[in-house]
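Q: A predicted structure for the sequence below; I have some questions about it.
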Amino acid sequence: MHGRKDAAVLVPLYRGRDDRALHAVFTRRRDDLRSHPGEISFPGGRPDETDADLSATALREAQEEVGLPPEAVRLAGALPPTPTIVTNYAIYPFVGAIDAGFPWVPQDAEVAEVLELRLTDVRDGHGQRRLMRKGVPFRTDTYEVGETLIWGATARIVADLLQRLAPLI
C-alpha cells in the first residue's frame with residue numbers, strides 16, 4: 001500500500017524560449033503553514049468530490065494554487081505514486097506540457113513563490129543531506145538549485161522524472 005490517503009500533483013514542464021532547456025515548475029509553500037511549511041512542492045492536493053479522477057485533481061489544484069488553467073496543460077502521462085512517510089499520503093504525479101512564459105498567479109494563502117527551474121540545474125544539484133524533521137535526524141536525497149532545496153516526496157518525484165526524461169534533458 002502506498003498510503004492511506006490519495007493526493008495528486010501536476011508536474012508542469014516547458015521548453016525555454018531562448019535556451020530550449022526543459023524546465024519544471026515548482027511552488028514554495030508559505031512558511032506559516034501548518035503542513036509542510038516553506039517546502040518546495042509541485043502544485044497539488046487532495047481530491048474533491050467534484051473531481052472526475054486524480055488527474056482532474058492535479059489540474060484543479062494547479063489552477064487554484066498558481067492560476068494555471070486546465071486548458072493550458074497538455075497531459076503527457078503519469079508517474080508512479082509516491083508515498084509520504086509522515087503524513088501517510090500516496091501522491092499521484094501527473095506530467096503536463098505547458099507553454100513558456102505563463103503569467104503565474106500564486107494563491108496567497110498557500111504559495112509563497114512559483115519557481116521555474118531548469119531540469120539540468122536540478123539534476124546537477126543532486127546530493128545527499130542530513131536533515132532534521134520533528135527533532136529526528138535523517139539522511140535523504142536532495143536537489144539544490146541556488147537557495148532552493150528540494151527533498152522528501154518532491155525529491156522522489158523529481159528522481160523518477162529525471163530518470164525518465166534523461167534523453168531529453
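A: Yep, it's here.
Q: only alpha carbons, please: show the lowest-mean-pLDDT helix or strand in the chain as CSV.
A: The least trusted helix or strand in the chain, going by mean pLDDT, DSSP states H and E, turns out to be strand 126-133, with a mean of 80. Provided in CSV are the C-alpha atoms of strand 126-133 (Å, rounded to 0.1, in the frame of the first residue of the first chain):
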residue,chain,number,x,y,z
HIS,A,126,21.6,16.2,-6.7
GLY,A,127,23.2,15.2,-3.4
GLN,A,128,22.5,13.7,0.0
ARG,A,129,22.0,15.7,3.1
ARG,A,130,21.3,15.1,6.8
LEU,A,131,18.1,16.9,7.6
MET,A,132,16.0,17.2,10.8
ARG,A,133,12.3,16.6,10.8
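Q: so what are the sheet partners of that strand and their directions?
A: Pairing partners of strand 126-133, with direction, according to DSSP bridges: strand 136-145 (antiparallel).
Q: wait, is residue 93 part of a strand?
A: Yes: assessed by DSSP: H, G, I helix; E, B strand; the rest coil, residue 93 belongs to a strand.
Q: mind checking pLDDT for it?
A: Residue 93 is assigned 98 on the pLDDT scale.
Q: name the nearest residue to it, sequence neighbours excluded.
A: Take residue 93 and drop its neighbours on the chain: the residue closest to it by CB to CB, 6 or more residues apart in numbering is residue 79, 4.2 Å away. Just so you know, the C-beta spots here come from the backbone N, C-alpha and C atoms, and that holds for glycine as well.
Q: could you do residue 9 as well?
A: Closest residue to residue 9 apart from its sequence neighbours, by CB to CB, 6+ apart: residue 44 at 3.0 Å.
Q: show me the contacts for that neighbour.
A: By CB atoms under 8 Å, 6 or more residues apart in numbering, residue 44 lies in contact with 7, 8, 9, 10, 57, 58, 61, 62, 65, 91, 93.
Q: narrow those residues to those in strands?
A: Of the positions in the contacts of residue 44, 7, 8, 9, 10, 91, 93 sit in strands, assigned by DSSP state E.
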